[in-house]
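S.K.: coords please:
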Amino acid sequence: MDYKAFFSDVMLWIGQANQAASRYGMESPDFWKWVADSSGKLCKKYQDNRLAIKQMVMLIEWLEEVHDKGKNRKAGDST
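M.R.: As a prediction, the model looks like this:
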């Protein structure tokens, strides 16, 4: 696997994820569909290499944590 190319694609994906979050909002099913579809495509691009899969799982978990923290902050603001 070309690690330089892969991590360059990961950096591009993170930027695209930020754009998708701005476009759809993290609460939107469209955002999470984009996350699932695009991360799957990136894994396929690298022949489902174990590192690619683990990297994308980690990034999806990170997005979920960001989402949950945002929800918790909003819930805390309303009390």
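
S.K.: what about the helices in the chain?
M.R.: 3-24, 29-45, 50-77 (DSSP state H).

S.K.: Lowest mean pLDDT across these, which one is that?
M.R.: Mean pLDDT values for the helices of the chain show the minimum at helix 50-77, a mean of 89.

S.K.: Run through the neighbouring helices and strands of that one.
M.R.: helix 3-24, helix 29-45 (3 or more Cβ pairs under 8 Å, 6 or more residues apart in numbering; DSSP states H and E). C-beta coordinates here come from the backbone N, C-alpha and C atoms, glycine included.

S.K.: give me the number of residues near Tyr3?
M.R.: 10 (other Cβ atoms under 10 Å).

S.K.: From Ala52, how far out is it?
M.R.: 10 Å (Cβ to Cβ, to the nearest Å).

S.K.: Tabulate the helices and strands packed on helix 50-77 (TSV), appending distance to Trp62.
M.R.: Listed next are the helices and strands packed on helix 50-77 as TSV, based on distance: least, Cβ to Cβ, whole Å:
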stretch	distance to Trp62
helix 3-24	9
helix 29-45	11
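
S.K.: Quick one: closest of those to Val57.
M.R.: helix 29-45 (8.3 Å; Cβ to Cβ).

S.K.: packing partners for that closest one?
M.R.: helix 3-24, helix 50-77.

S.K.: Which among the ones you listed is found nearest to Ser38?
M.R.: Short answer: helix 3-24, nearest of the helices and strands packed on helix 29-45 by Cβ to Cβ, at 6.5 Å.
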